[in-house]
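Trainee: just the structure for this:
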Amino acid sequence: MKAKYIGLLMGFAVGFVWMWLGFWALLFVAVAAAVGYVIGGVVGGDIDVQRYIDRVRRR
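Mentor: Okay, here's the model as predicted:
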C-alpha cells in the first residue's frame, strides 16, 4: 500500500475520532483525509513539494 493511501486512512481515522464533537464533522473528516493524503504522498515520494515551491516563486 502506498504511503499516501496510508496517510488518507490515518486522516479518516483522526477525523472519525473528532466527528463525535459537532455538526461540522463531515467537513473536518474531508479536510483531515486530504491533509493525510498529501502528507502521505510527500513522505512516500509521490508528491514533489519543491516543484510547487519553485512554481510559486516564478510568479
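
Trainee: contacts, neighbours, all on C-alpha from now
Mentor: Will do.

Trainee: pretty sure residue 2 is touching residue 44, no?
Mentor: Yes - assessed by CA atoms under 8 Å, residue 2 is found in contact with residue 44 at 6.9 Å.

Trainee: more neighbours: those two, which one.
Mentor: residue 44 (16 against 12; other CA atoms under 10 Å).

Trainee: got the contact list for that one?
Mentor: 2, 3, 4 (CA atoms under 8 Å, 6 or more residues apart in numbering).

Trainee: any stretches of the protein with poor pLDDT?
Mentor: Across the chain, the ranges flagged by pLDDT under 70 are 22-23, 25-26.

Trainee: which helices and strands sit right next to the helix or strand where residue 56 lies?
Mentor: Using DSSP states H and E, residue 56 sits in helix 49-58. Helices and strands touching helix 49-58, by 3 or more CA pairs under 8 Å, 6 or more residues apart in numbering; DSSP states H and E: there are none.

Trainee: run through who's touching it.
Mentor: With CA under 8 Å, 6+ apart, helix 49-58 has contacts from residue 42.

Trainee: CA atoms only for that helix, dumped as CSV, please.
Mentor: Only the C-alpha atoms of helix 49-58 are listed here, as CSV (Å, rounded to 0.1, in the frame of the first residue of the first chain):
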residue,chain,number,x,y,z
VAL,A,49,6.8,19.8,-2.9
GLN,A,50,9.9,21.5,-4.3
ARG,A,51,8.3,21.6,-7.7
TYR,A,52,5.3,23.5,-6.3
ILE,A,53,7.5,25.9,-4.4
ASP,A,54,9.5,26.7,-7.5
ARG,A,55,6.4,27.3,-9.5
VAL,A,56,5.1,29.8,-6.8
ARG,A,57,8.5,31.6,-6.7
ARG,A,58,8.5,32.2,-10.5
